[in-house]
Each structure stands twice: as C-alpha cells, then as structure tokens.
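**Q** sequence plus the predicted model coming up.
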Amino acid sequence: MARGFVAVVPPDDVLDAVEAVLDDVALPDGARRTERSKLHLTVRFLGNAVRFGAVAELLRGLDLGGGRAQLGGAGAFSRAYRGDVLWIGVVKGADVLDALHASIEAGYDPNRPADERPPPFHPHLTVARCRAPVDLRRSVRALGKREVGPAWDIDEVVLVQSHLGNGPAVYEDQARIPLAC
C-alpha cells in the first residue's frame with residue numbers, strides 16, 4: 001500500500017521534553033507509547049493510494065506559511081474514559097497548523113464533497129495507542145494542561161509514506177517542503 005500523510009515534526013528539544021514528561025506518566029494496560037521516530041503532528045492524511053511525486057510537486061506549488069507552535073494540554077480519542085489514542089495538544093500555533101491543513105486540503109482534494117470530508121482537524125501529537133479502547137483518564141490528568149517543551153518555528157512539512165505490514169508501521173520521508181515564514 002502507498003499510504004501517506006503530511007506532517008510537522010517537532011525539533012529534538014521538543015521531543016526530548018515530550019519523552020521526559022511521558023516518563024512520568026503511567027499508561028494503562030494495553031496502551032503502547034509512540035516511538036520517538038514516529039512522533040509528529042499529522043497535518044493531512046492522504047489515504048492509501050498516494051502518488052508521492054505528484055503530491056510533493058503539489059505541496060511545493062502551494063503558498064504554505066509557517067509560524068511558531070508549542071505543545072501542551074492532553075486528551076484522548078475518542079473519549080478519555082474509553083480511548084484508543086492518548087495525545088498532547090497544541091497550546092500555541094494551532095492557527096498556523098489549521099491554515100496549513102486548510103491549504104493542503106483545498107489543494108489536494110478540492111472537489112471532495114463536504115459529506116465525504118474527514119472529521120474536523122484537531123492538531124495533536126499522538127503519544128500512545130491502544131489496540132482496544134481503555135480508560136485513559138488517569139494518563140490525561142497526569143499530562144495535565146501544562147506546556148510541554150519550548151515553542152519552535154514550523155518551517156517545513158514532511159511528506160511521509162507509511163509502510164504497513166505484520167508489525168508496526170514503518171515511516172519513510174518522501175519529501176521535505178520548506179514553508180514561507
């Protein structure tokens with residue numbers, strides 16, 4: 001499968017802070033921490049039949065702007081009392097990510113009917129996944145509403161191919177697209 005997405009990857013000092021915070025958070029049975037190499041903010045999931053060369057060219061042709069962001073706050077999808085994804089949110093710069101998402105959405109799939117569009121965009125960093133829904137409220141409370149790591153400049157998006165198989169997905173960068181700042 002040629003599955004892919006467009007992402008923003010926080011710099012190492014931010015990921016160091018995320019890992020330090022997560023070291024102090026107990027995860028329930030069935031929850032698995034996201035590997036550091038897979039920590040990212042998905043700006044747009046592209047589906048299972050991606051032509052990466054064409055998408056890279058499309059992204060280079062869009063007027064995509066960067067800005068500053070900072071992680072903080074926590075939650076779970078779909079609900080904290082019965083979730084399968086634990087995440088850290090964005091406390092500063094959500095508007096930058098929203099604008100990136102909207103630009104890529106409009107450029108990538110401009111004719112998609114509104115009733116076939118994905119759910120509303122919610123910028124977040126997935127920090128743990130569960131095979132089956134579990135109670136994540138304790139982990140969400142432990143992460144709290146505090147800021148996590150320093151603010152950073154969002155100066156590029158990464159086009160990523162996700163190789164699926166019998167084990168965890170393997171991510172492979174296909175292109176890095178600089179953003180206008």
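**A** Looks like it arrived, so ask away.
**Q** ok, residue 145 touching residue 71?
**A** No: look at residue 145 against residue 71 with CB atoms under 8 Å: they stay out of range, at 11.6 Å. Placement of C-beta: from N, CA and C, glycine included.
**Q** higher neighbour count, the two?
**A** In this view residue 145 and residue 71 are compared by other CB atoms under 10 Å, and residue 71 has more residues nearby, 30 against 12.
**Q** residues contacting the residue lying closest to residue 16 once chain neighbours are set aside?
**A** Leaving aside its sequence neighbours, residue 16 sits nearest to residue 149 (CB to CB, 6 or more residues apart in numbering; 7.4 Å). Taking CB atoms under 8 Å, 6 or more residues apart in numbering, we find residue 149 in contact with 10, 13-18, 70-71.
**Q** the bottom helix or strand of this protein by mean pLDDT?
**A** Least confident helix or strand of the chain, by mean pLDDT, DSSP states H and E, is helix 94-108 with a mean of 91.
**Q** and the contacts of the helix or strand in which residue 176 is found?
**A** With elements delineated by DSSP states H and E, residue 176 resides in strand 170-178, which encompasses its position. Outside of strand 170-178, the residues within contact range by CB under 8 Å, 6+ apart are 4, 37-38, 52, 55-56, 59-60, 64, 155-163.
**Q** for the chain, give me the ranges with low pLDDT.
**A** Scanning the chain with the threshold set as pLDDT under 70 gives 1, 110-119.
**Q** give the buried residues for the next helix or strand after the least confident helix or strand of the chain.
**A** Sequence-wise, the next helix or strand downstream of helix 94-108 (DSSP H and E) is strand 125-134. Of all the residues in strand 125-134, those buried under the rule 16 or more other CB atoms under 10 Å are 125-130, 133-134.
**Q** any idea how far the most centrally placed residue in the chain is from residue 88?
**A** Closest residue to the average C-alpha location of the chain: residue 41 at 2.2 Å, with CA atoms, centre = their mean. Applying CB to CB, to the nearest Å, the value for residue 41 to residue 88 is 10 Å.
**Q** for residue 181, which non-adjacent residue is closest in space?
**A** residue 66 is the one closest to residue 181 (CB to CB, 6+ apart), at 4.6 Å.
**Q** neighbours of that neighbour, how many?
**A** Every residue meeting other CB under 10 Å relative to residue 66 is counted, giving 19.
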